[in-house]
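In: no FASTA, just this:
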């Protein structure tokens with residue numbers, strides 16, 4: 001492959017990655033995924049899209065895991081709960097005044113990125129928090145696809 005072809009291929013892959021990540025736009029919690037609230041050096045990120053997720057009725061799966069301070073957790077909770085106000089379905093659990101579990105389902109809105117047809121399916125924001133002394137281990141997940149809450153519960157119970 002010549003140099004120009006390699007550069008074009010690299011540019012297309014970069015553009016595709018930006019487009020995929022923009023599927024998550026519209027959420028106040030996005031700065032956490034983008035490493036703007038918690039330094040990206042402390043974040044372990046997983047991003048999966050495409051045919052690997054088809055058996056699970058999902059199109060995008062993105063998660064971030066990190067350890068946070070109490071102050072960071074407070075800001076994250078505030079952002080997530082603000083997003084949750086727009087959710088069609090909400091499940092939350094608290095322990096000692098700390099949001100330890102949240103699952104929010106949103107209807108997909110707007111246009112599909114790939115085909116410019118109306119978006120369909122669901123979008124999910126999920127968070128799980130484990131106290132760890134003075135800090136907290138946090139897992140934050142964004143998913144989109146046709147999976148229902150029942151599908152996700154069945155998937156994660158296995």
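Out: Arrived safely. Here the structure is a predicted model, which means the values were calculated and not measured. Numbers count the residues shown, from 1 in each chain.
In: Which stretches in the chain count as helices?
Out: With DSSP state H as the criterion, the chain has helices at 3-21, 30-33, 70-84, 149-157.
In: Between those helices, which has the poorest mean confidence score?
Out: Within the helices of the chain, confidence is poorest for helix 3-21, with a mean of 43 (mean pLDDT).
In: Show the average pLDDT along stretch 131-145.
Out: Mean predicted confidence for stretch 131-145 is 95.
In: Give the buried residues for it.
Out: Neighbour-count burial for stretch 131-145 flags 136, 138, 140-145 (criterion: 16 or more other C-beta atoms under 10 Å). Backbone N, C-alpha and C define where each C-beta goes, glycine included.
In: How about stretch 42-55?
Out: 43, 49, 53.
In: now, which of the buried residues of stretch 131-145 sits nearest residue 39?
Out: residue 138 (13.5 Å; C-beta to C-beta).
In: from memory the closest one sits against residue 76, does it?
Out: Yes - Residue 138 is within contact range of residue 76, at 6.9 Å (criterion: C-beta atoms under 8 Å).
In: Show me what residue 93 is bridged to.
Out: Beta-bridge pairing of residue 93 under DSSP bridges involves residue 101.
In: How about residue 59: what's its closest non-neighbour residue?
Out: Nearest residue to residue 59, sequence neighbours excluded (C-beta to C-beta, 6 or more residues apart in numbering): residue 145, at 4.4 Å.
In: With residue 96 as the reference, measure out to the one you found.
Out: 34 Å (C-beta to C-beta, to the nearest Å).
In: got JSON lines for the buried residues of stretch 131-145, with distance to residue 109 too?
Out: Putting those into JSON lines (distance: C-beta to C-beta, whole Å) gives the following:
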{"residue": "136", "distance to residue 109": "31"}
{"residue": "138", "distance to residue 109": "27"}
{"residue": "140", "distance to residue 109": "21"}
{"residue": "141", "distance to residue 109": "19"}
{"residue": "142", "distance to residue 109": "15"}
{"residue": "143", "distance to residue 109": "16"}
{"residue": "144", "distance to residue 109": "11"}
{"residue": "145", "distance to residue 109": "15"}
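In: In strands, which of the residues you listed appear?
Out: 136, 138, 140-145 (DSSP state E).
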